[in-house]
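Enquirer: Any chance you can model this:
(2 chains)
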Amino acid sequence: MHLDLLTDPLVLCIMLPLLGAVLTAALPRRAVLLGSLMAVATSAAAVTLTILVWQSGTLRVALGGWDQKLAISLRADGLATALVVMANIVGLGISVYASGYFRDPERMRAFWPLWLLLWAALNGLFLAGDLFNLYVMLELLGIAAAALGALTGSRDAIAANLRYLLVGLLGSITYLLGVALLYTAHGTLDLDLVAASIAADDELFAVNAATLVLMVAGLALKAALFPLHFWLPPAHANAPAPVSAALSALVVKAAFYLILRLWLDLFAPVTGMAAAMLLALLGAAAVVWGSWRALRAERLKLLAAYSTVAQIGYLFLFLPLLAATPAGPVRDSLLAALVLMAVTHGFAKAGFFLATGLVQTNAGHDRIDDLGGTAQRLPATTFAIALSGSALIGLPPSGSFIGKWLLMQCAIETGQWWWVIVVTTGTLLAAAYVFRVLSRAFGLEPTPLRFITDARAEIPALLLALVSVAVLGLASGPLWTLLGLQAGGDA
Amino acid sequence: MSLDLGPLLPGAIVLSSMLPGVLIFLVDEESHLLRTLLNLFGAVLKLVLVGVMIWGVWRGEVFESRLDIAPGLELVLHADALSVLFVSLSTVLWLITTVYAIGYLEYSVNRSRFFGFFSLCVSATVGIALAGNLLTFVIFYEILTLATYPLVAHRGTPEATRGAKIYLAYTLSGGLLLLVGAVWLRTLTGPVDFLAGGVLSGMPASMHGELVAIFVLLLAGLGVKAALVPLHGWLPQSMVAPAPVSALLHAVAVVKAGAFGILRVVFDVYGVEFAAELGLLAILAALASLTILYGSVLALTQDGLKKRLAFSTVSQVSYIALGASLLGPIATVGGMVHLVHQGIMKITLFLCAGNYAETLGVHKVSQMDGVGRRMPLTTLAFSVGALGMIGIPPIAGFVSKWYLGLGGVTAGQHWVLLVLAASTLLNAGYFLPILYRAWFRPLPAAWENEHRFQTRFETMGALLWPPVITAVLCLLAGLFAAAPVSPLQWAQLIARREYGL
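Expert: Numbering: from 1, shown residues only, chains lettered A, B, ... in the order given. Below you'll find the predicted structure:
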């Protein structure tokens, strides 16, 4: 039975990177080799998991042999698996890129254990089936992320990430407070059991609502929802490129995933239109403010970081639409569109940050106004920025175009047409900030001889960007199947 | 051979330029031969595939490629008579322009980037032509914007960057309006494909207000690319692009995509009779007429040759919209056929302008004294294009104007004749002085920037023959308008289907 557990892809997704973290810490001289191997193995486990969930639906594993109320349980449903597969493919891309990124052996040795730890926490968070386990993973994720972010050792980076660490702790403590309240009220930590208990018992409405507020507030801080985003731009912009990619594409997404999980599965009877509207309004503010700050940013990485603030905002716009749409194929499509946007942003932002890192390494800086020559010398990198940029704007064919199409369609159908204005404003601003960068690539510089100049760094960036555009934009149907949703959004 | 091409062919036509385009990016800058081979392979393959498709559509076969993007969202490529018209135009002119561009850019920089985007640009245009529903149309319409931007910015000068920025600001905003209109329409109708005769006439009267608003959104989005006044501001600015790009932009790709979209929306979404009932045709007619006159007036005042041609495009493309705005099959024929006629005439003019610039360094009308004697073949081609634009028989432009005028009269809209007459006078006003200078003024002692090629002709072969060929096409399309495969006959086939005659 224990052997069974050890080969279960659900467990492997968490254990493999954890093992990798231990190994790379123990054998620092072999860190790159061991780390890369574990990255490949973890991604393979994640892909296997995805295929299993695709074929047979939700998977569950209980660890430790306690009964369900207290057990450490793992659960892979469609939503979790969609994010796991995104995170692990992106993670693999980041690993390949990182294997050649660090020049300084000191940094390189510090990078791998932390990165694999972060990866394990990420998978653990997506796959956790109980509230306490979620808390542990959330905490682990926050600590690993802050440590990685400070890896450059610069004064700015350390200050930014110390703040990130404290904010993260505040967020997870608030979340833990909610967990404690829930446990007191319902006597269990298992997600399914708590959900059933909340649905069954109207009398605890006040406690449940208070818990919802606490938990969502804590997580919104970690997800950098406007106006709680203040910590994100400096932390993401000052980290080394592969770390920025992981933070912006994956870590923030994990906090959002948890909000969604609580919102949809746990607190469905408690959440009302007013709460959804409030979060969406904050999301709208994030879209406009984040995009505007991205447009005004002087540095490329700061631009990318503010763009993340905006992109997270889009995800919150879906909440009131979900609330206004009765269960059925239309709501299913909306949910799929939400996941599609999150996943697309994961790929696109990772590709964007990796390419940005290459520009920065080549130019020695990332001031947008002086990037001309560098952007032109690196056609493949600029191409990766262009592709992922068009996914950030939401231009077709990209996953976010499909997501925005469905978002606007539903906004008009439910009479909440004002979100259309938010989306179009955000799209125009995004176009402005992306092309502000791209226009630097057309100058009078000498012609580059080749398309690809540094394969190990450019190909991961290019492939991740390509997935966000061509794969997710032209064939997003499988996502519906993975999520176990009904087809035919327009019935 | 029983291979069923039906579901594959439209997709293959789009990919036949897209895949070579992607490969071209990867080609080393100095590999001239490989790049040229890829270019010509794509262009010729596309021509062959389009030939197969024309033959099939003529025999009534159905060609349709479908791809499920997501449940309810389908990418549909469908070949009907109207798409065949546009696909053939862009495929033939792409081949010609590619040859020209290879000659034109032989000595310049960043060729792999240029030809890569050039191919993507044509793929997007063909995708627009074959789009079978609004979603597909919007997707390719935006890809076209993106693929054209690097071409406009190609020169890398500050003016080029600025022109490209203006181009992008206009077209992306327009694209967004189009997107909102398309999404809104989708919420009313559900997923519908383009259909000859329109799909909306059955909508209840309570929705008519919304339908008018949606039409305005769609028209604004399409009008940007079609350069309808007052949305035309980007077009003269994007004249900084290299000559083959201008030719492609004005004759085939961007401007035409907008005009083609207007035709699609009027005929195959709203249905022309229903659009008339809603009063939408009047809006379109007013905008088109205004654009025709305003563009011509501005063209009069330009000294830059390409700028003058650009404003002439603003004016001439609106003939297509004018044809769509008049109820009745004859005017429809006039509008549709002008899609092709304007394309071949304007590409001739732009390629000639490129030849003057490359060979003699002539960029302005005021420098064109005597170019006819130095470059007789080029100037002959230019003259055919210019006279065709004015509407002199037997050149193609005459046929368009004839059908538009006749269509206006049969629709009881006699003011159309006034618009056409005024426009013709203005066309003559800005083209004839050029011809006069070119043929009758004495040669200057020396050209400012003359470039002698190793050839017995007036300029490099790859530059000379493309405009000569398109000029011959202009003559053929006019002379043999009654022949069974002429653009005119094809336009009549479309009109018969749209009106269910």
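
Enquirer: Name the helix or strand of the chain that has the lowest mean pLDDT.
Expert: Since you didn't name a chain, this refers to chain A. helix A:2-7 (a mean of 67; mean pLDDT, DSSP states H and E).

Enquirer: meant chain B, my bad for not saying
Expert: helix B:243-251 (a mean of 83).

Enquirer: chain center to stretch B:360-379, what's the gap?
Expert: Stretch B:360-379 has its C-alpha centroid displaced from the chain centroid by 26 Å (C-alpha atoms, centre = their mean, to the nearest Å).

Enquirer: which of the residues in that stretch are buried?
Expert: Neighbour counts over stretch B:360-379 (16 or more other C-beta atoms under 10 Å in any protein chain shown) mark B:360, B:362-363, B:365, B:367-372, B:374-375, B:377-379 as buried. (Each C-beta comes from the backbone N, C-alpha and C, glycine too.)

Enquirer: next one: stretch A:269-289
Expert: Buried-residue list, stretch A:269-289, by 16+ other C-beta under 10 Å: A:270-271, A:275-276, A:279-289.

Enquirer: contact partners of stretch B:165-173?
Expert: Stretch B:165-173 is contacted from outside by A:428, A:431, A:435, A:439, B:145, B:148-149, B:152, B:224-225, B:231, B:233-234, B:237-238, B:254, using C-beta atoms under 8 Å, 6 or more residues apart in numbering or on different chains.

Enquirer: Kindly format the C-alpha coordinates of it as CSV.
Expert: What follows is stretch B:165-173 as a C-alpha-only set of coordinates in CSV (Å, rounded to 0.1, in the frame of the first residue of the first chain):
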residue,chain,number,x,y,z
LYS,B,165,2.7,53.9,-34.3
ILE,B,166,-0.1,55.9,-35.8
TYR,B,167,-1.1,53.0,-37.9
LEU,B,168,-1.3,50.8,-34.9
ALA,B,169,-3.2,53.3,-32.8
TYR,B,170,-5.9,53.6,-35.5
THR,B,171,-6.2,49.9,-36.4
LEU,B,172,-6.1,48.5,-32.9
SER,B,173,-8.8,50.9,-31.7
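
Enquirer: Quick one: mean pLDDT over that stretch.
Expert: If you average the pLDDT over stretch B:165-173, you get 93.

Enquirer: from the buried residues of stretch B:360-379, which is closest to residue B:14?
Expert: Of all these, residue B:14 sits closest to residue B:378, with 33.5 Å by C-beta to C-beta.

Enquirer: Quick check: the closest one touching residue B:465?
Expert: No. If you go by C-beta atoms under 8 Å, residue B:378 and residue B:465 don't touch, sitting 10.4 Å apart.

Enquirer: quick one on the thing from earlier: narrow the contacts of stretch B:165-173 to just the buried residues.
Expert: Using 16+ other C-beta under 10 Å, the buried members of those are A:431, A:435, A:439, B:145, B:148-149, B:152, B:224-225, B:231, B:234, B:237-238, B:254.

Enquirer: Among the residues you listed, which are located in helices?
Expert: Judged by DSSP state H, helices contain the following of those: A:431, A:435, B:145, B:148-149, B:152, B:224-225, B:234, B:237, B:254.

Enquirer: So which bits of the strand or helix carrying residue A:211 are buried?
Expert: Using DSSP states H and E, residue A:211 sits within helix A:205-223. Neighbour counts over helix A:205-223 (16+ other C-beta under 10 Å) mark A:207-208, A:210-212, A:214-223 as buried.

Enquirer: Okay, now the unreliable bits of the stretch 101-250 of chain B?
Expert: Within the stretch 101-250 of chain B, not a single segment meets pLDDT under 70.
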